[in-house]
Structures are given as C-alpha cells and as structure tokens.
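Novice: Here is my input, please return the structure:
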Amino acid sequence: MGKFKKSIVSFFTLKKDNQSQYKNILAKYNNKNNLLFIVQNEYNNQGFSLCTWELKNEKLQMNNIIHEEQNQEIIFLENIEQSNLICQLICAEIKCIKIYNIQENKNPVLRNRIHIKEEIQNIKTNEIFNLICVILKTGFIIIINTEGQIVSQIKENNINFKCLCCFQNYLFTGTSLGSLFVYNISTSKLLNQIQISEFQQFKLIHKNHIKQIKNLSKYTIFILFFLKQIK
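Specialist: Numbering: from 1, shown residues only. Just a heads-up that it's a prediction; the model follows:
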C-alpha cells in the first residue's frame, strides 16, 4: 500500500442556495499563474458554476465565481496560455465550446462561443499554435482556433478516433481498433501509424514501469502513455 502525501491545502466547494451537492466537479490548474479553475455542474442540467482560485503562500483564495443558468453542463476543461492575457479557459459542453479570457484581475470574461453540430467526445489544447483539437462522437477530429474557425479536419477511412493528446507540434490519436496515429498538428499530415501488433512487444502499461526505463525519448514516452488509453 502506497504512502499518503500530506496535502498543502484543503477546502470545500461553494454551494448554491440550498443545494446539497453537485452532479460533478471539474478542475484545471494553471502552473504559470498558480490559478485553480473549478467547474461545478448542477443536477438536471440546471447550469454550472465557474470558480477561480489563486494559490498564494500555500493558501487558496477565491477570486471570482460566476453562475451560468442554462440547460447544459461542462464535460471538459482546458486552458491555453496567451501573451496578452493570463490565460484562456476552454469549457466544452456537449455541442458547444466556450472560451473565457482570464485577465489581470483573475476574473473570467466570456470571449467566444463555438457551436458544433455533432457531440463532443474529447478535447485537448495545443499552446504552441493556440489550437483546440476536438474528437467528435462520429470518430473524426476537427482542429479549431480560439476565434472559432476550423483550421483542419482529420478523418481516416474505417477509423474511429477515441482519444487524443497534444505534445509540441505532435497530435497523438488512439483508435477503437487499438492503433496509434501521429500527426503534425500544424499541417494535419500523418507522420506515423502504429498497429496493435507492434505494441505487443511492450509490457509497460503502468506509469511506474516507465521510471525503470532509461534513455527513452519524449516521443516514445507518449507512445507508452497511450498504451493504457487505447488498449
């Protein structure tokens, strides 16, 4: 049994009116600015709350909270660094992506709504090109910028993408068949394709095993990371 680590801080999330609990809670931490963003989804699609917390001297201080009264909930939460802002917060609903600007006062300001015709299965952000990569329920990928413009689309014949990860200018995508596709995110060009048979030589499915391997490139580590997600 592993050892428990002492937490730096602990706190309770805010409750709206007489509500006893939320349906679920999403959190995203911004390392550069020590900001913690928390989304609290309410039951029965009654909206969500977005809280901004700042970690100072090992203490959390709440800067702002906003309530969105609507019929959707947030299913994914990401953030992108911006030179003229603290960061941008990316909140994905089932068929919509909301982009909030986090300015110097740490308050989130809704900048853009991007409506998507199909249901969102997963999203990841790329900070080098300020892009949002979205997997749709139909299994193909669209890449959009923070202005809501579609930069490119990725679709392979008879391939259903299930998960994705961004690293530098690479986009790693796992499929329902257990294979891995690697793309150049700026050009959407396919760089490599690895089939499930090629994974059988690896027995590394747990992150602790990676520590035992030396001289692995970052590229290889990401492949090992995907073994868990596409198996």
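Novice: Can you give the domain ranges for the chain?
Specialist: For the chain, whose domains are defined here by the TED database, the residue ranges read 17-115, 119-206.
Novice: Where does the prediction get shaky in this protein?
Specialist: Segments of the chain classed as low confidence (criterion: pLDDT under 70) are 1-20, 196-231.
Novice: For K117, grab the count of nearby residues.
Specialist: 6 (other CB atoms under 10 Å). Bear in mind the C-beta positions are built from the backbone N, C-alpha and C, glycine included.
Novice: Any chance of the domains of the chain in CSV with mean neighbour count as columns?
Specialist: Below are the domains of the chain laid out as CSV (neighbours: other CB atoms under 10 Å):
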stretch, mean neighbour count
domain 17-115, 16
domain 119-206, 16
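Novice: quick one: V109 from Y170, how far?
Specialist: Counting by CB to CB, to the nearest Å, the gap between V109 and Y170 amounts to 32 Å.
Novice: Spit out the contact partners of I80.
Specialist: Contacts of I80 were listed using CB atoms under 8 Å, 6 or more residues apart in numbering, and they are 87-88, 90, 125, 127, 130, 132, 146.
Novice: Please report phi then psi for it.
Specialist: Dihedral pair for I80: phi -130, psi 130, per degrees, to the nearest 10.
Novice: same deal with C87?
Specialist: Summarising the backbone geometry of C87 under the convention degrees, to the nearest 10, its torsions are phi -170, psi 180.
Novice: In its sheet, which strands sit next to the host helix or strand of Y183, and in what direction?
Specialist: If you go by DSSP states H and E, Y183 is part of strand 180-184. Using DSSP bridges, the strands paired with strand 180-184 are strand 170-175 (antiparallel), strand 189-194 (antiparallel).
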